[in-house]
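[1] Predicted model and sequence follow; I will ask about them next.
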Amino acid sequence: GFEQSIPHQQEKNLPGGGNWVVQKFGGTSVGKFAVDIAQDIVIASLKEHRTAIVCSARSTYTKSEGTTNRLLRAAREAERIGSRKYVDIVDVIRADHIAVAKDTISSADILERYSDCVNAECDNLVKILESAQHLTEVSKRTEDKIVAKGEKLSCLYMTAVLQDRGCNAQYVDLSNVIDFPVGERIDDSFYRNLAASLAKAVHACGDAVPVITGYFGDVPGGLLTQIGRGYTDLCAALVAVGIGASELQIWKEVDGIFTADPRKVPTARLLPSVTPSEAAELTFYGSEVIHPFTMDQVIKASIPIRIKNVKNPRNQGTIIWPDHADDLGEKKPSLFRNRSLVSLSTHDGPKRPTAVTIKRGITVLNVHSKKRTRAHGFLMSIFSVLDKWHLSVDLISSSEVHVSMALHSEVALLSGAGPDSEEIQIESAALKGAVDDLSVWGDIDLVPGLAVISLVGRQLRSMVGISGRFFSVLGE
C-alpha cells in the first residue's frame with residue numbers, strides 16, 4: 001500500500017537525519033501540475049536535501065469547484081432531511097480523482113492500489129455523511145473529518161504519481177497524530193507538542209519521501225473553526241519546526257511576491273526578499289502570501305520561508321526573513337511602543353514603499369445608530385452579529401453612533417449593477433442575515449464595488465510625508 005514503512009538508516013554525522021526542506025503545494029497546483037511537481041520539483045530536490053511534502057485538497061480550475069468546496073456542499077446536503085444529493089457529490093469527487101490518475105499513472109499495479117484507496121476513502125465518507133444526516137446535524141468534529149478527505153485523496157494521488165516515477169514516497173495520514181493530552185483550548189504548548197508529534201510521523205517514514213495530509217486530527221473546538229482553511233500551511237510550518245528544516249517552501253503559481261499585481265501592473269518587479277511584517281500586510285490586503293500566525297511559528301524557529309512558482313521552479317522566488325530591525329526573535333513583547341522617529345536612522349529608512357496592493361470586491365456596510373447607547377454596547381453587538389454570520393471585516397472606522405466596515409468575500413455578496421441602487425440585490429445569505437440583525441441597531445446602507453489600496457513597507461509609519469504623497473497621487 002501507500003503507507004508501508006522502510007527501515008530508517010540515520011544519515012551519518014547529521015543531526016535529525018539530514019538537511020530537510022518542507023514543500024507545501026496548494027490545491028490548484030496539485031490539480032493542474034501534479035506530474036511537473038513530482039518530476040521537476042520533488043524528485044529534482046532530492047539530489048540536494050531530504051524533502052517532506054504537504055498537499056492541500058485538489059482544485060482543478062477554480063476554488064469554488066475545488067474538492068474542499070464540494071465537500072462542504074456535501075456536508076450542507078447531509079443536514080437536509082431526506083436529501084441524498086451528498087452521494088452524488090461524493091461520486092463526482094471519486095470519479096474526478098480516479099480519472100486524473102488514469103491519465104497520469106502508467107503502472108497498472110500502482111493505479112489499482114490507488115483506486116482501491118480512493119474507493120475506501122469515498123465509501124467511508126458516505127458513511128460519515130449518512131450518520132450525520134441521521135443525527136440531523138454536522139458537528140464541528142464531523143465537518144473536519146469530511147473536509148479532511150480532500151487532503152487525504154490529494155496526498156494519495158501525489159504519492160501514487162511519485163511512486164509511478166520511481167520515487168520512494170510514503171503517504172502520511174495525520175488523523176491520529178495528536179497523541180498527547182490536549183486542554184480545552186489551543187495554546188503555545190499545543191503547537192510545541194504537535195510539532196514534536198509531526199516530527200515523529202516524518203521520521204517513521206525512514207528514507208521515503210513523506211507525503212503529508214494537511215489535516216492534523218481532532219483539534220479542540222474544531223480545526224476549521226479554530227484555524228480556518230489555511231490549516232494546511234500551518235501544518236507544513238509545524239512539520240518544518242518539528243524536524244528543524246533548513247527552509248519552508250510555499251509553492252504557488254506566481255514567481256513570488258511582487259511590488260504590485262503583475263497581471264495588472266506590467267512594470268511590477270519581483271521582490272527577492274521581504275520581512276515578516278511586510279508579508280503579513282501583503283497577505284491581509286490582497287496578495288495572499290501566507291497567514292501571519294503560520295509565518296510566526298516558522299520565523300520564531302529561525303527557518304526562512306520561500307515563495308516559489310510550480311510553473312517556473314528554477315526561479316529563486318521571494319524569501320521571507322527578518323532583517324535586523326524587524327527581527328522577531330530579538331523583540332520582547334512590550335505594552336508600549338516607541339513613537340519616536342529616532343529609531344529609524346537615515347541609512348536604514350526605506351526610500352519608498354516595498355509594494356502596493358489592491359483588494360477588489362469590497363462592499364462597505366454602514367450602521368448609523370438610532371439609540372443614544374453607550375459606544376461599547378453598540379460596537380459589541382455589531383461585532384457579535386458579524387461573528388454569527390461569519391463575515392470578515394478588512395477595515396473599520398467607528399464613532400459613538402456610526403460604524404463603517406469594509407467587507408470582502410470570495411463569492412459575490414451583491415448582484416446587479418448600475419447607478420440605480422434599486423437594481424442591486426443582496427446575493428449572500430450571510431450578508432442578508434447580518435443586515436436584518438443589524439437593522440435593530442439603526443439605519444443600514446451598503447456601498448458596493450469598492451477596493452482597498454494599501455502601501456506596504458518596513459517602518460512606513462515613521463516616514464514623514466508619505467501619507468501626503470499617497471493622497472496627492474490618488475488625487476491626480
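    Thanks, I have the structure now.

[2] for the helix or strand harbouring Gly242, packing partners?
    Assigning secondary structure by DSSP states H and E places Gly242 in helix 231-243. Counting contacts by 3 or more Cβ pairs under 8 Å, 6 or more residues apart in numbering; DSSP states H and E, helix 231-243 packs against strand 20-25, strand 50-55, helix 188-203, strand 209-213, strand 247-252, helix 292-300. C-beta: built from backbone N, CA, C; applies to glycine.

[3] Out of these, flag the one nearest Tyr114.
    Taking Cβ to Cβ, strand 209-213 is the member of the helices and strands packed on helix 231-243 nearest to Tyr114, at 12.2 Å.

[4] Quick check: neighbours of that closest one in the sheet, parallel or antiparallel?
    strand 50-55 (parallel), strand 169-172 (parallel) (DSSP bridges).

[5] Show me the contact partners of stretch 255-265.
    With contacts defined as Cβ atoms under 8 Å, 6 or more residues apart in numbering, stretch 255-265 is touched by 254, 268-272, 274, 279, 282, 286-287, 289, 307-309, 312, 315-318, 354-358.

[6] how far out from the middle of the chain is the lowest-mean-pLDDT helix or strand in the chain?
    Within the chain, no helix or strand scores below strand 414-415, which has a mean of 72 by mean pLDDT, DSSP states H and E. Strand 414-415 sits 26 Å away from the centroid of its parent chain (Cα atoms, centre = their mean, to the nearest Å).

[7] Out of the contacts of stretch 255-265, name the ones that lie in strands.
    Among these, DSSP state E puts 274, 307-309, 318, 355-358 in strands.

[8] Out of these, which comes closest to Lys47?
    Comparing the ones in strands among the contacts of stretch 255-265 against Lys47 with Cβ to Cβ places Lys308 closest, at 16.7 Å.

[9] Just name the most buried of the strands paired with strand 209-213.
    Of those, the one with the most neighbours on average (mean count of other Cβ atoms under 10 Å) is strand 50-55, at a mean of 27.

[10] How far off centre is whatever helix or strand comes next after that one?
    Note on strand 50-55: by DSSP H and E, the next helix or strand toward the C-terminus is helix 67-78. Centre-to-centre, helix 67-78 and its host chain are 18 Å apart (Cα atoms, centre = their mean).

[11] which parts of helix 67-78 are buried?
    67-72, 74-75, 77-78 (16 or more other Cβ atoms under 10 Å).

[12] Ok, stretch 431-444 next?
    The neighbour-count criterion (16+ other Cβ under 10 Å) identifies 431, 433-435, 437-438, 441-442 as the buried residues of stretch 431-444.

[13] Can you add mean pLDDT and give the strands paired with strand 209-213 back as JSON lines?
    Output for the strands paired with strand 209-213, formatted as JSON lines (pLDDT from 0 to 100):
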{"stretch": "strand 50-55", "mean pLDDT": "98"}
{"stretch": "strand 169-172", "mean pLDDT": "98"}
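
[14] Looking at those strands, which is nearest to Asp394?
    With Cβ to Cβ, the closest approach to Asp394 among the strands paired with strand 209-213 belongs to strand 50-55: 27.9 Å.

[15] So what's the gap between the closest one and the chain middle?
    For strand 50-55 - counting by Cα atoms, centre = their mean - the centre lies 17 Å from the chain centre.

[16] residues making contact with it?
    With contact meaning Cβ under 8 Å, 6+ apart, strand 50-55 is reached by 17-25, 30, 42, 45, 151, 154-155, 158, 202, 209-214, 232, 235-236, 239, 243, 245.

[17] Which among those residues count as buried?
    Among the contacts of strand 50-55, those classed as buried by 16+ other Cβ under 10 Å are 17, 19-25, 30, 42, 45, 151, 154-155, 158, 202, 209-214, 232, 235-236, 239, 243, 245.

[18] What strands flank the least confident helix or strand of the chain, and is each parallel or antiparallel?
    Note on strand 414-415: by DSSP bridges, its sheet partners are strand 425-426 (antiparallel).

[19] Which elements pack onto the next helix or strand after the strand it pairs with?
    Using DSSP H and E, the helix or strand that follows strand 425-426 towards the C-terminus is helix 429-438. Applying 3+ Cβ pairs under 8 Å, 6+ apart, one finds that helix 429-438 makes contact with strand 355-369, helix 375-388, strand 442-456.

[20] Go again with 10 Å.
    Applying 3 or more Cβ pairs under 10 Å, 6 or more residues apart in numbering; DSSP states H and E, one finds that helix 429-438 contacts strand 355-369, helix 375-388, strand 402-408, strand 425-426, strand 442-456.

[21] can you redo those as CSV with mean pLDDT and distance to Asn119?
    As requested, the helices and strands packed on helix 429-438 are exported to CSV (pLDDT from 0 to 100; distance: least, Cβ to Cβ, whole Å):
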stretch, mean pLDDT, distance to Asn119
strand 355-369, 85, 39
helix 375-388, 82, 39
strand 402-408, 88, 39
strand 425-426, 81, 42
strand 442-456, 86, 45
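
[22] Can you redo those as CSV, where the extra columns are distance to Pro220?
    Output for the helices and strands packed on helix 429-438, formatted as CSV (distance: least, Cβ to Cβ, whole Å):
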stretch, distance to Pro220
strand 355-369, 32
helix 375-388, 19
strand 402-408, 28
strand 425-426, 35
strand 442-456, 34
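
[23] Figure out which of those is closest to Phe471.
    That would be, of the helices and strands packed on helix 429-438 and by Cβ to Cβ, strand 442-456, which comes in at 10.9 Å.

[24] Adjacent strands (with direction) for the closest one?
    When DSSP bridges is applied, strand 442-456 pairs with strand 355-369 (antiparallel).

[25] residues of the strand it pairs with that come out buried?
    In strand 355-369, counting by 16+ other Cβ under 10 Å, buried: 355-359, 361-367, 369.

[26] Glu253 is in contact with Asn312, correct?
    Yes - in this structure Asn312 lies within contact range of Glu253 using Cβ atoms under 10 Å: 9.4 Å.

[27] List the buried residues for the biggest helix by length in the chain?
    In the chain, taking DSSP state H as the definition, the longest helix is helix 108-134. Under the neighbour-count criterion of 16+ other Cβ under 10 Å, helix 108-134 has 110-111, 113-115, 117-118, 121-122, 125-126, 128-129, 132-133 buried.

[28] and the residues you listed, which two are the farthest apart?
    Ile110 and Gln133, at 34.8 Å, using Cβ to Cβ across these.

[29] Low-confidence ranges, the stretch 201-350 of the chain, go.
    Residues of the stretch 201-350 of the chain meeting the criterion pLDDT under 70: 283-289, 323-350.
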